[in-house]
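K.L.:
here is my input, please return the structure:
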Amino acid sequence: MVNIKVAQKMRVQIRGNPRNPCHPCSIQTTPLYRARIMITCKNIEEVRANIDLIDREIVKLLSERSKYVRQAAKFKKTTQDVKAPDRVEEVILKVRNMASEYGLDPEIVESVYRTMIACFIEHEMKEHSKQ
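P.N.:
Residues are numbered from 1 along each chain as shown. Got it, this is the predicted structure:
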């Protein structure tokens, strides 16, 4: 069985097996953050190739995030619950702080996240209206 505290220290995410999520042997771990080594590119093609790799990871993570958004929608009773402005501001503050830690302009991260959250909320509102 996976020790939750050890997993957190190792920065791994614990995932259950959808066939039997309660069985201890069904738990898998995956890295929360996939460390990348920054290389100095020799030409624009190398730069673009590395950006393409990062874009693939971003889309993969967005897909994973969207699955959690869908799960969250099941717990929300009202449109106000879906919009959750307090939660949005909490997330924005958190990612702005992360941006600063990584040497990225917090304004860029805030803009990207506000757009992403608005898109997820719009999608969630469509799903919520079907209930």
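K.L.:
now do the contacts for Glu110.
P.N.:
Contact criterion C-beta atoms under 8 Å, 6 or more residues apart in numbering gives 92, 95-96, 99 as the residues in contact with Glu110. C-beta coordinates here come from the backbone N, C-alpha and C atoms, glycine included.
K.L.:
this structure: helices as residue ranges?
P.N.:
Chain-ordered helices for the chain, with DSSP state H as the definition, fall at 4-9, 44-73, 79-83, 85-101, 106-130.
K.L.:
ok so, going back, could the contacts of Glu110 go into a markdown table alongside pLDDT and distance to Arg48?
P.N.:
Output for these, formatted as a markdown table (pLDDT from 0 to 100; distance: C-beta to C-beta, whole Å):
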| residue | pLDDT | distance to Arg48 |
| --- | --- | --- |
| Ile92 | 98 | 30 |
| Val95 | 98 | 26 |
| Arg96 | 98 | 28 |
| Ala99 | 97 | 24 |
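K.L.:
tabulate the residues you listed (JSON lines), appending distance to Ile51.
P.N.:
Converted to JSON lines, the contacts of Glu110 look like this (distance: C-beta to C-beta, whole Å):
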{"residue": "Ile92", "distance to Ile51": "25"}
{"residue": "Val95", "distance to Ile51": "21"}
{"residue": "Arg96", "distance to Ile51": "23"}
{"residue": "Ala99", "distance to Ile51": "18"}
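K.L.:
okay then, goodbye and thanks.
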